[in-house]
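> got a structure for you, letters missing:
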């Protein structure tokens, strides 16, 4: 009997030890990492042509761009941001560069991502070209250098010293799933490109992103995207006025509104994107010349003579073009940790 009791006691102790060994050890979870609301996005790009709403800003020559954008995330679904960017350009007024200063908020509600803000376009270093814009003429933008420089060589176009302006905008991007998204955009300026004319731009965008397995485990991604937009424009001020047998627009021309569209394919790898795109508008060469004051065109044709373009020169700054752009985009939170 004593042996039986001893055996039972040994068995009980052994079983208790085994049970204790099998029990999960409770380890106190580490505290969650503190939420850092600040982030910073920055990047650069090089492209064979800088095209803005269907119109070249670099005279169909290569351009480089950089940007720097501090961000503050109030929550994961509400972000405020400010930014500065720069692009190399080739403008009729010989401006040194384009400097952009912008800011806004980005609230997100489920599949709807909004972007509301203001954007300032600054073009420093410009010169005035208009032989009629002498001081006291009453023409906006008049100064002595306008007369000294005269009109632009060969084609007689004119350009203000300053083309700077600002826009307010509202955008929404709707993400249906990992592959499909559409967007709607609206921009308004009371004085587009300092022409004296208001400007309103609205567009719709679409994007298809290829599945992440398309190129196996290479890390290469792909997308196809496009945009269709319309730029509405008001009447310019007298600096761009013309008088001809066809019409008297001494106080300013009705700037030509137009449609623009683009479609392209992009490839991504880590922070790099290679985008190949086709862009076009429905502007005629005559309307393009009147709108842009193209300094480079020598294309005269009687077919280009219109009420707002009596000089008869036509510009290809608004026509079909191909754009190849290589960019790198980073964030401090995602790329520097």
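Cool, the structure landed. The structure presented is a predicted model; accordingly, all values stated were derived computationally and were not measured.
> can you pull out the strands in the stretch 51-200 of the chain?
51-52, 55-56, 63-75, 78-87, 98-109, 112-122, 165-175, 180-189, 199-209 (DSSP state E, counting those that start in this stretch).
> Contacts only, for residue 176.
Taking Cβ atoms under 8 Å, 6 or more residues apart in numbering, we find residue 176 in contact with 111, 182. Every residue, glycine included, has its C-beta placed from N, CA and C.
> So what's the residue count around residue 135?
11 (other Cβ atoms under 10 Å).
> Contacts only, for it.
Contacts of residue 135 were listed using Cβ under 8 Å, 6+ apart, and they are 142-144.
> before we move on, the earlier item: taking the strands of the stretch 51-200 of the chain together, which one is wrapped up most tightly?
Of those, the one with the most neighbours on average (mean count of other Cβ atoms under 10 Å) is strand 55-56, at a mean of 24.
> helices and strands of the protein: which one has the lowest mean pLDDT?
Taking mean pLDDT, DSSP states H and E as the measure, the chain has helix 2-22 as its least confident helix or strand, at a mean of 46.
> Next SSE downstream of that helix?
Toward the C-terminus, helix 2-22 is succeeded by strand 38-47 as the next helix or strand (DSSP states H and E).
> Contacts made by that next one with the rest, please.
When contacts are defined by Cβ under 8 Å, 6+ apart, strand 38-47 is touched by residues 62-73, 81, 83, 271, 323-333.
> Could you dump the contacts of residue 135 into JSON lines and include distance to residue 100, neighbour count and pLDDT?
Below are the contacts of residue 135 laid out as JSON lines (distance: Cβ to Cβ, whole Å; neighbours: other Cβ atoms under 10 Å; pLDDT from 0 to 100):
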{"residue": "142", "distance to residue 100": "28", "neighbour count": "20", "pLDDT": "97"}
{"residue": "143", "distance to residue 100": "26", "neighbour count": "17", "pLDDT": "96"}
{"residue": "144", "distance to residue 100": "30", "neighbour count": "11", "pLDDT": "97"}
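> what's the closest of those residues to residue 30?
For the contacts of residue 135, the closest approach to residue 30 (Cβ to Cβ) belongs to residue 143, at 66.7 Å.
> That closest one is in contact with residue 126, isn't it?
No - Residue 143 lies out of contact with residue 126 (Cβ atoms under 8 Å); the separation is 11.5 Å.
> Spit out the residues that contact these two alike.
By Cβ under 8 Å, 6+ apart, the residues touching both residue 143 and residue 126 are residue 161.
> tell me, what residue is most central in the protein?
When the chain is reduced to its mean C-alpha position, the nearest residue by Cα atoms, centre = their mean turns out to be residue 52, at 8.2 Å.
> what bridges to that one?
Counting by DSSP bridges, residue 52 is bridged to residue 55.
> That one and residue 261: what is the separation?
Going from residue 52 to residue 261 by Cβ to Cβ, to the nearest Å gives 14 Å.
> List phi and psi for residue 333.
Dihedral pair for residue 333: phi -70, psi -40, per degrees, to the nearest 10.
> now the helix or strand where residue 324 lies against strand 63-75, angle please.
Element membership of residue 324, judged by DSSP H and E, is strand 321-331. Strand 321-331 and strand 63-75 are oriented at 40 degrees to each other (axes from the mean of the first three to the mean of the last three Cα atoms, to 10 degrees).
> quick one: strands adjacent to strand 321-331?
Its sheet considered, strand 321-331 pairs with strand 38-47 (antiparallel), strand 272-281 (antiparallel) by DSSP bridges.
> Serialize these to JSON lines and add fields for distance to residue 250, mean pLDDT and mean neighbour count.
Listed next are the strands paired with strand 321-331 as JSON lines, based on distance: least, Cβ to Cβ, whole Å; pLDDT from 0 to 100; neighbours: other Cβ atoms under 10 Å:
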{"stretch": "strand 38-47", "distance to residue 250": "39", "mean pLDDT": "98", "mean neighbour count": "16"}
{"stretch": "strand 272-281", "distance to residue 250": "28", "mean pLDDT": "98", "mean neighbour count": "17"}
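> Any chance of a markdown table for the ones you listed, columns distance to residue 160?
Below are the strands paired with strand 321-331 laid out as a markdown table (distance: least, Cβ to Cβ, whole Å):
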| stretch | distance to residue 160 |
| --- | --- |
| strand 38-47 | 26 |
| strand 272-281 | 23 |
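> and of the ones you listed, who's closest to residue 134?
Set against residue 134 and scored by Cβ to Cβ, the strands paired with strand 321-331 come closest in strand 272-281, at 34.6 Å.
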